[in-house]
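Asks: my questions concern the predicted model and sequence given below.
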Amino acid sequence: MSPLWVVIDSRCDETRILATCGPTETVLKARLSATAQHPRALPTLLEALAMWQGTAVRAVIVVDDQDGSCATRLRLDFGADFEGAPLYKLEYVPRRRPHHRDRLDGMGVFHDLRQLALFEAAR
């Protein structure tokens, strides 16, 4: 079984979590409160997903900058190295702003097609 990929996006109003098995198979979507109530909440969630699926979890936390606010909301040590965890690997990644140029803005939004194209390219 391929590894489970988990993206955690913690913002001021909520924390969104998406877990996929490969680029096309979504296995979990969650909207949780912005702030974790226990320091072990996120590590326990990642461990549970790994045990449930029987595979390693590769997780990333999306960050806007290096101020550590998302780590504070998730009650994590921002400078911690999570690679030693046996069931999951957790990293911080910068939030990417859309970098594509679209000179055809008047034709509407094509985000769904752009996402489909990315999934197909990942195959």
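Replies: On my side now, so go ahead. It should be emphasised that the depicted structure is a prediction, and the values quoted were computed from it without experimental measurement. Numbers count the residues shown, from 1 in each chain.
Asks: for residue 74, see how far away residue 63 is.
Replies: 11 Å (CB to CB, to the nearest Å). C-beta: built from backbone N, CA, C; applies to glycine.
Asks: pLDDT of stretch 53-71, averaged?
Replies: For stretch 53-71, mean pLDDT is 78.
Asks: what does stretch 18-33 give?
Replies: For stretch 18-33, the mean per-residue pLDDT is 89.
Asks: which parts of it are buried?
Replies: 19-21, 32 (16 or more other CB atoms under 10 Å).
Asks: now for these, which pair is the farthest apart?
Replies: Greatest spacing in these, by CB to CB: 21 and 32 (20.6 Å).
Asks: mind putting the buried residues of stretch 18-33 in JSON lines, secondary structure included?
Replies: Below are these laid out as JSON lines (DSSP: H, G, I helix; E, B strand; the rest coil):
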{"residue": "19", "secondary structure": "strand"}
{"residue": "20", "secondary structure": "strand"}
{"residue": "21", "secondary structure": "strand"}
{"residue": "32", "secondary structure": "strand"}
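Asks: residue 49 belongs to a helix?
Replies: Yes: read with three-state DSSP, residue 49 is one of the residues of a helix.
Asks: ok, it - how many residues close by?
Replies: Per other CB atoms under 10 Å, the neighbour tally for residue 49 reads 20.
Asks: re earlier: adding distance to residue 55, write the buried residues of stretch 18-33 out as TSV.
Replies: Shown next, in TSV, are the buried residues of stretch 18-33 (distance: CB to CB, whole Å):
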residue	distance to residue 55
19	11
20	12
21	8
32	22
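Asks: neighbours of residue 76, how many?
Replies: Residue 76: 21 surrounding residues under other CB under 10 Å.
Asks: what's the spacing between it and residue 28?
Replies: Residue 76 is 20 Å from residue 28, by CB to CB.
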